[in-house]
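Q: have a look; sequence and predicted model below, questions after that.
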Amino acid sequence: MSDMDEMDEGSGIVKKFMFLNRKAPHGTVYALEGLEVVLITAAFDQDVSMVFTDDGVYQLMKGIDTKGIEVKDFSKTYRALEGYDIEKLYVDQASLDARGLTEDDLIVDVTVLAVDEMANLMAEQDVVISF
Amino acid sequence: MLHIVNKSATERSSLESCLRMATQGSAVLLIEDAVCAATNGNAAAAKIQAAAAGLKIYALGPDLAARGMTGRVLDGVNVVDYGGFVDLVAEHSNCQSWL
Amino acid sequence: MQFGILVNEGPYTHQASDSAYLFARTAIEKGHTVPRIFFYHDGVNNSTRLATPPQDDRNVSARWSKLAADHGVDLVVCVAAAQRRGINDDVLAPGFRISGLGQLVEMGIQYDRLVTFGD
């Protein structure tokens, strides 16, 4: 991958990166292209958290089938995140509640947080990127 | 932390999501279509005024002017220019754009 | 202070690239540095020299090019996003270059702030 070749692996700086996913998949490209940034950031050995709030929780639904809309199903990638040492996946409880969903509906193991816990987590980040 | 919101509060939920997650004492800057939330009589005004008790609320002046809303800004909302926008980013240790 | 800027939308449809430009220009005027601006998603469409807006409108890509020429700002277009959207070296305006997402991550690691403009 070309991104790997140009990595500055010697910098030694580790920052806290939070990727905030607020949009459903497929209606826009943000979820897919956002995931690409997350994978690269992990390759730089940064402290990566992924957060799913609002419609972003739909990205993690079990049983996604994109054959009928003829686009790539990238939902399996969330299952592969562990292999990239991305283990901090957080979901907003209120966002699940507002959509009639529970943790059992999601394709990966996540930590469900109340809004004040999520707010504090966000406040302590060095870099927050929202897709 | 500086929270930046750019979408109209009567069209999208980003302002609401931002206000829900902004911790006490953090700053919220409204830019682009979001500035209309900081004006008198609009549907989000009560939300902004309630939030202003615990957060610092700013609106970008050039975006207010571009929408004919300069004279309608709510009490408690600070109007800044682009220089003020840059200062806000510099003054806070991190920022988040609620896209 | 060093500011990195991420632009996620193309020109003319969304205000994002206008806001990003004004932010970058103002930061530089105030004595900060903007070493790099990264263009992602439809933001890659900021980089084409083929756009010919009407005379009485701003020329977004030319404005970015001038910022790069005057202040040494590195304008980086994401290769994967560019390839999806038909942007390649043949159409790039002056000052832009195509590279990988690692350039975006580096901005987050190395600079004091990363500010995102999008939809």
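A: Arrived safely, thanks for sending. Worth saying up front: this structure is predicted, and the values here are computed from it rather than measured. Numbers count the residues shown, from 1 in each chain, chains lettered A, B, ... in the order given.
Q: show me which residues of chain A sit near chain B.
A: Residues of chain A lying near chain B by C-beta under 8 Å from any C-beta of the partner chain: A:20, A:22, A:30, A:53-54, A:94, A:115, A:118-120, A:122-123, A:125-128, A:130-131. The C-beta positions use only the backbone N, C-alpha and C, and glycine is treated the same way.
Q: buried members of the residues you listed into PyMOL, please.
A: In PyMOL, this line selects whichever of the residues of chain A next to chain B come out buried by 16 or more other C-beta atoms under 10 Å in any protein chain shown:
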select buried, chain A and resi 20+22+30+53+54+118+119+122+123+125+126+127+128+130+131
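Q: just the pLDDT for residue 71.
A: Picking chain A for this. For A:Val71, the model assigns a pLDDT of 96.
Q: my question was about chain C
A: pLDDT, C:His71: 98.
Q: count the neighbours of the closest residue in space to it that isn't next to it in sequence for me.
A: Leaving aside its sequence neighbours, C:His71 sits nearest to C:Ile28 (C-beta to C-beta, 6 or more residues apart in numbering or on different chains; 5.3 Å). Using other C-beta atoms under 10 Å in any protein chain shown, C:Ile28 has 18 neighbouring residues.
Q: tell me the SS of C:Ile28?
A: helix (DSSP: H, G, I helix; E, B strand; the rest coil).
Q: what does A:Met50 give?
A: Strictly by three-state DSSP, A:Met50 counts as strand.
Q: rewinding a little: the residues of chain A next to chain B in strands, which ones?
A: A:20, A:127-128, A:130 (DSSP state E).
Q: who are the contact partners of the residue nearest to C:His71?
A: Counting by C-beta atoms under 8 Å, 6 or more residues apart in numbering or on different chains, C:Ile28 makes contact with C:34, C:67, C:71, C:73.
Q: quick one: residues in contact with stretch A:79-88.
A: Residues contacting stretch A:79-88 (C-beta under 8 Å, 6+ apart): A:38-39, A:42-43, A:48-50, A:89, A:107-108, A:111.
Q: all strands for chain A, in order.
A: So, for chain A - with DSSP E - the strands run A:16-21, A:47-52, A:88-92, A:111-113, A:127-130.
Q: same deal with chain C?
A: Using DSSP E, strands in chain C cover C:2-7, C:33-39, C:74-78, C:96-99, C:113-117.
Q: next, count neighbours for the residue in chain C positioned nearest to chain A.
A: Taking C-beta to the nearest C-beta, chain A has its nearest neighbour within chain C at C:Gly100, 3.6 Å off. When neighbours are defined as other C-beta under 10 Å, C:Gly100 has 21 of them.
Q: what's the closest non-adjacent residue to C:Val60?
A: C:Pro11 (3.7 Å).
Q: wait, what's in contact with the one you found?
A: C:17-18, C:45-46, C:51, C:60-61.
Q: re earlier: let's have the strands of chain A in CSV, adding mean pLDDT.
A: Listed next are these as CSV, based on pLDDT from 0 to 100:
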stretch, mean pLDDT
strand A:16-21, 98
strand A:47-52, 98
strand A:88-92, 98
strand A:111-113, 98
strand A:127-130, 96
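Q: can I get those strands in TSV including distance to B:Ala50?
A: Formatted as TSV, those follow (distance: least, C-beta to C-beta, whole Å):
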stretch	distance to B:Ala50
strand A:16-21	24
strand A:47-52	25
strand A:88-92	21
strand A:111-113	23
strand A:127-130	24
